[in-house]
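1. coords please:
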Amino acid sequence: MIATKNERIEGEVLTISLRKNPASVSIIDQDAIIEEFRTNIPASWQPNKTLILNHFNNTGEIIAGVDIIRDKKTLTIK
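-> Numbering: from 1, shown residues only. A predicted model of the protein is given here:
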C-alpha cells in the first residue's frame, strides 16, 4: 500500500485502510528527563509519557531525553 501510495482499498466484503497514528513518546535517556516530567514511585521513578506528550502538543518543545514519534501508522481492515 505504501509503495503504490494507496491508503484505502474498498472491496465488496471488506475495506483496508492505512491511517496515521497520533504522536507518541520514546524514552532515549531516562536520566536526562527533568523532575517536572517524572512520576515518583517509591525507590524508583518512571517518565510520565502523557505529561511529556501533552507538553509537546501544547508548546512544540521536545524535552531532553525523549524523541516524539509522529510517523507510525495502523493498518485497519473492516
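2. so for this structure, the centremost residue is which one?
-> Ser24 (1.5 Å; C-alpha atoms, centre = their mean).
3. got the contact list for that residue?
-> 49, 53, 68-69, 72 (C-beta atoms under 8 Å, 6 or more residues apart in numbering). Yep, even glycine has a C-beta here, placed from its N, CA and C like the rest.
4. for PyMOL, write the selection for the buried entries among the residues you listed.
-> Only the buried entries of these go into this PyMOL selection, using 16 or more other C-beta atoms under 10 Å:
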select buried, resi 53+68
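5. mind putting the contacts of Ser24 into JSON lines with pLDDT and secondary structure?
-> Converted to JSON lines, these look like this (pLDDT from 0 to 100; DSSP: H, G, I helix; E, B strand; the rest coil):
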{"residue": "Lys49", "pLDDT": "94", "secondary structure": "helix"}
{"residue": "Leu53", "pLDDT": "94", "secondary structure": "helix"}
{"residue": "Ile68", "pLDDT": "94", "secondary structure": "strand"}
{"residue": "Ile69", "pLDDT": "91", "secondary structure": "strand"}
{"residue": "Lys72", "pLDDT": "88", "secondary structure": "coil"}
